[in-house]
Each structure stands twice: as C-alpha cells, then as structure tokens.
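Asks: Below: sequence and its predicted model.
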Amino acid sequence: AQSVTQLGSHVSVSEGALVLLRCNYSSSVPPYLFWYVQYPNQGLQLLLKYTTGATLVKGINGFEAEFKKSETSFHLTKPSAHMSDAAEYFCAVREATDSWGKLQFGAGTQVVVTP
Amino acid sequence: GAVVSQHPSWVICKSGTSVKIECRSLDFQATTMFWYRQFPKQSLMLMATSNEGSKATYEQGVEKDKFLINHASLTLSTLTVTSAHPEDSSFYICSAGTGGSNQPQHFGDGTRLSIL
C-alpha cells in the first residue's frame, strides 16, 4: 500500500522568498511522483512529475522538485515566491506497476504569499 | 494539449433530482477516466475508475447505484448523481489518462454541486 504525507497544511511565505513544500511517501515498489496545483474552484494543474532518470525535475512556473529515494521524499521548491503562487498544492504518488494509473494524493498544502 | 473539459461548472438543484456531469478529453483519447470528490479544505477522494467500454470500478464505500458512471467513448465519461440529497453537495472533479502508469492525469475544472 502506498501513502503520501505533506508536512504542513498551511504555509505562509513572503513575496520573493523561497517556497518549500514537503512531501514524503511510502510505497512497496518504486513510485512515480507528481505535484499538482489547484486554484480556487478549479481542477488540478500538473506542475511536474518524476518517473525515471534525473532526480531533479523542473516544472512550470519556476518550480522544481528532487526525488530522494533514501529519504522517500519529493519536496517542491521555488526560489522566489510570486503573488500568483498562492494556491493549494498536492503531492501525489502512483505505483509504477499500476496499469490504471491511480493516484494517491496527499492532504494538500495551502500556500499564502504576503507582500 | 491534453485538455479536459468538465460540464457544468456549477449546478444547483432540488433534493431528489438526478444530476449528470460530463467529462470530455478534447484533444486526446482517454483510455481511463477518474472521478474524484473533494470536500472543502480537503484532498481529493477517488470515487471510481472507468475504462472505455467497460464497467467502472468503484472505491470502497462509494455507492455504485448512487453515482452512475458511463464511459461510452474514448473522449467522454459521465457521472450521474441519482436522487441527490444535500449530503451529496460537493466539488466533483474528473481526470483523464492516456494510458501508461508514467503518464500524468489531466484534470477538468470541476463541478460545484449544491443540493437544496
């Protein structure tokens, strides 16, 4: 069975400051990992994903994440926060052997950006 | 690319009526579609997985007679909430996948369902 833990349900950052959102997973087999962003009353937009290869993954809007197998982590970062980054962020994991591609989501982290 | 359209975006109806929500993949063929329910300030809860031309697979605790899912083509899946009651009020989101576990799901913009 797999699970996803996002540390911190609520994160407040100053505009221009580093954004760090933490995600840890547990999985019996190597997983595929995803970060999604959700704006109010909207669906989810893919920020980035890790499947195989380079463990540092770059995504849209200046976000990146690093897969660390030894730490079972996939933390999301952005060097400089922008007001438009205020949203809900979800980490998700999928077992590589799941042919249907079902996702397991974390509880989400609400990001607030202050001027 | 990979656009998923969900309709309607907002619906308000009386208790006891049935509501149909459509999920369409506009520029790709969706082998698998997923339906989620999201309560305020919470994560997404998977309700069911549907593959084109076959019956949907429901998650534990989801009433299949209450939430009817049809995936008639590679570009369309529908969720019908039958005899809806106020406790069915929620945000429903669909997603579509092109197949392959390493491919991301693409999400619709969700449907806000309010039952009076």
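Replies: Here it is on my side, so go on.

Asks: Chain B contacts on chain A?
Replies: A:32, A:34, A:36, A:41-46, A:49, A:51-52, A:90, A:94-103, A:105-108, A:110 (CB under 8 Å from any CB of the partner chain). The C-beta positions use only the backbone N, C-alpha and C, and glycine is treated the same way.

Asks: got the contact list for B:Gln6?
Replies: Residues in contact with B:Gln6, defined by CB atoms under 8 Å, 6 or more residues apart in numbering or on different chains, are A:43, B:21-24, B:93-94, B:108-111.

Asks: Next, count neighbours for B:Thr78.
Replies: Using other CB atoms under 10 Å in any protein chain shown, B:Thr78 has 19 other residues around it.

Asks: Could you find the closest non-adjacent residue to the residue nearest the centre of chain A?
Replies: Centroid-nearest residue in chain A: A:Trp35, 3.3 Å away (criterion: CA atoms, centre = their mean). Distance criterion CB to CB, 6 or more residues apart in numbering or on different chains; nearest residue to A:Trp35, sequence neighbours excluded, is A:Leu47 at 4.3 Å.

Asks: Give me the number of neighbouring residues for that neighbour.
Replies: A:Leu47: 25 neighbours (other CB under 10 Å).

Asks: what's the pLDDT at it?
Replies: A:Leu47 is assigned a predicted lDDT (pLDDT) of 96.

Asks: Any figure for the gap between it and A:Gln6?
Replies: 14 Å (CB to CB, to the nearest Å).

Asks: Could I get the pLDDT score of the residue most central in space within chain B?
Replies: Nearest residue to the geometric centre of chain B (CA atoms, centre = their mean): B:Trp35, 3.5 Å. If you check B:Trp35, the pLDDT there is 96.

Asks: before we move on, what about A:Gly43?
Replies: pLDDT at A:Gly43 comes out at 88.

Asks: Run through the residues that contact the nearest residue to A:Asp85 once chain neighbours are set aside.
Replies: Spatial nearest neighbour of A:Asp85, excluding adjacent residues (CB to CB, 6+ apart): A:Val113 at 5.6 Å. A:Val113 makes contact with A:12-15, A:81-83, A:85-86, according to CB under 8 Å, 6+ apart.

Asks: now those in TSV, with neighbour count and pLDDT?
Replies: TSV is the format used below for the contacts of A:Val113 (neighbours: other CB atoms under 10 Å in any protein chain shown; pLDDT from 0 to 100):
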residue	neighbour count	pLDDT
A:Ser12	13	97
A:Val13	19	97
A:Ser14	10	97
A:Glu15	13	97
A:Ala81	22	97
A:His82	13	97
A:Met83	9	96
A:Asp85	19	97
A:Ala86	17	97
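
Asks: returning to what we had before: okay, and the residue nearest to A:Trp35 sits in which element?
Replies: strand A:44-50 (DSSP states H and E).

Asks: Pull the number of nearby residues for A:Val112.
Replies: As a burial measure, A:Val112 scores 12 neighbours (other CB under 10 Å).

Asks: Surely it is within a strand?
Replies: Yes - counting by DSSP: H, G, I helix; E, B strand; the rest coil, A:Val112 is located in a strand.

Asks: Good, we can wrap up now.
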